[in-house]
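>>> All I have is the shape, not the residue letters:
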C-alpha cells in the first residue's frame with residue numbers, strides 16, 4: 001500500500017534533448033506549465049500530466065570527476081498512482097494489485113510523448129523506454145495505510161507525544177507568529193537520512209491544500225505513512241534480493257512489514273490509559289517487584305509532565321538504558337507511556353495496531 005512514488009530514468013544527452021523538446025512542444029500545445037524549477041536545482045518542471053497525478057522533472061547536471069567533465073541527464077517523475085487511475089482522488093491509496101492498470105495508464109500517457117519524439121526527429125529510430133514504467137527505478141516510495149476512527153483527533157494528540165526511534169529527529173516547521181520552529185500541528189513527523197515517519201489527520205492535511213468539500217470526505221481518517229528514500233530502498237532491495245522497480249517495491253508483503261516495523265518502533269504496542277488507571281494496573285501486577293513498579297510509576301509521571309516520551313528521556317535523571325527498560329516493562333503490561341489527559345473524561349483508548357492490521361487485510365481483499 002502506497003500513495004506517492006518518485007521515479008527516475010537516466011539517459012544519454014541526445015535522447016534527453018529530444019525528450020525535452022517533445023515535452024516542451026506538447027506542453028505549449030496543451031497550455032500546460034513548463035518552467036525552470038525553483039524547488040529542484042538544474043531541473044525543468046513539466047505539468048503536462050499534473051491532473052493525472054504526475055509531475056515531470058527534466059534534470060541535466062555537469063560533474064567534474066578526476067578533471068573530466070561528466071554529464072548526467074534524467075527524467076524524474078513524482079506520481080500519485082491513485083490519481084493516475086482516478087483523477088481528483090486524494091484519499092485512497094494504491095495496492096499491489098493495481099500495478100497492471102497503473103502500468104497501462106502510464107504507458108498510454110507517455111506514448112504520446114514518445115510518438116512526438118519519433119515524429120519530430122528522424123534520428124530517433126530506436127525504442128526509447130520513456131513510456132514503460134518498468135524501465136524506471138524508484139527513488140522514493142511512501143508506504144501508507146488509512147484507518148477510520150471516531151476518536152481521530154484524540155489519537156493524533158496522543159501519537160504526537162510518542163517516542164522517536166533511535167537516529168531519528170522531529171521535523172520542525174517555522175511558525176510565523178512565534179518566529180521560531182515548532183513541531184507539526186496535528187501530526188507526528190520524524191525523520192532520519194533514509195526514512196520519514198508521518199502519522200496525521202488526513203482531513204486536517206487536506207484542509208491546508210484543498211477545499212472544504214474534498215476535505216469533508218476524509219473526516220475521521222488517520223493516515224500512517226513511511227516515506228522510504230533511496231538509501232532505504234537500496235537496503236530493502238538487498239535484504240529481499242529484489243531489483244529496484246515499482247513492481248517489486250510495491251508488493252503487499254514489503255509495504256506491510258515496513259509499516260508494522262516502524263509503527264512498533266515509534267508508537268509502540270501498549271493501550272492508552274489515564275495516569276491513575278495506568279498506576280492502578282502497575283500496582284496490581286504480581287510479576288514485578290515494588291522497586292520496579294515504583295520506577296514505572298515515576299517514569300509515567302515524568303512523561304506526563306514533559307508530554308513527550310523523547311523529551312522526558314532527554315531530561316530525566318534516569319539513564320537512557322534504565323529508561324528504555326522501564327518502557328519495555330510498561331509495554332509488557334499493555335500500557336502506552338503516553339497517558340490520556342484527565343480533561344477528556346475517558347479512561348481508555350485501544351492501541352491502533354489491530355485496526356491497522358485490519359485495514360491492511362481489507363486492502364488485500366478488495
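It's in. Not measured: the values here are computed from a predicted model. Residues are numbered from 1 along each chain as shown.
>>> Which strand or helix spans residue 253?
helix 252-266 (DSSP states H and E).
>>> and that helix, how far out from the chain's middle?
12 Å (C-alpha atoms, centre = their mean, to the nearest Å).
>>> Point out the other helices and strands that it packs with.
For helix 252-266, the packing partners by 3 or more C-beta pairs under 8 Å, 6 or more residues apart in numbering; DSSP states H and E come out as strand 137-148, strand 195-201, strand 221-228, helix 230-240, helix 353-365. For glycine as for every other residue, the C-beta is placed from the backbone atoms N, C-alpha and C.
>>> Mind checking the pLDDT average for the longest one?
Mean pLDDT, taken over the full extent of helix 353-365, equals 87.
>>> do the same with stretch 184-204
Stretch 184-204 carries an average pLDDT of 92.
>>> distance between that stretch and the chain's centre?
With C-alpha atoms, centre = their mean, you get 8 Å for stretch 184-204.
>>> Okay, buried residues for it please.
Within stretch 184-204, the residues scored as buried using 16 or more other C-beta atoms under 10 Å are 184, 186-192, 194-204.
>>> same question, stretch 70-80
Quick answer for stretch 70-80 (16+ other C-beta under 10 Å): 73, 74, 75, 76, 77, 78, 79, 80.
>>> Report the mean confidence score over that stretch.
Mean predicted confidence for stretch 70-80 is 90.
>>> quick one: contacts of it?
With contact meaning C-beta atoms under 8 Å, 6 or more residues apart in numbering, stretch 70-80 is reached by 3-13, 15-16, 19, 40, 43, 53-64, 106, 130, 136, 139.
>>> so which of the helices and strands packed on helix 252-266 comes closest to residue 252?
helix 353-365 (5.8 Å; C-beta to C-beta).
>>> Remind me what the closest one packs against, helices and strands.
Using 3+ C-beta pairs under 8 Å, 6+ apart: helix 353-365 touches strand 137-148, helix 252-266.
>>> any idea which of the ones you listed is most buried?
Comparing those by mean neighbour count (mean count of other C-beta atoms under 10 Å), strand 137-148 ranks first with a mean of 20.
>>> re the thing from before, mind putting the buried residues of stretch 70-80 in a markdown table, secondary structure and distance to residue 217 included?
A markdown table is the format used below for these (DSSP: H, G, I helix; E, B strand; the rest coil; distance: C-beta to C-beta, whole Å):
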| residue | secondary structure | distance to residue 217 |
| --- | --- | --- |
| 73 | strand | 41 |
| 74 | strand | 36 |
| 75 | strand | 33 |
| 76 | strand | 30 |
| 77 | strand | 27 |
| 78 | strand | 23 |
| 79 | strand | 22 |
| 80 | coil | 16 |
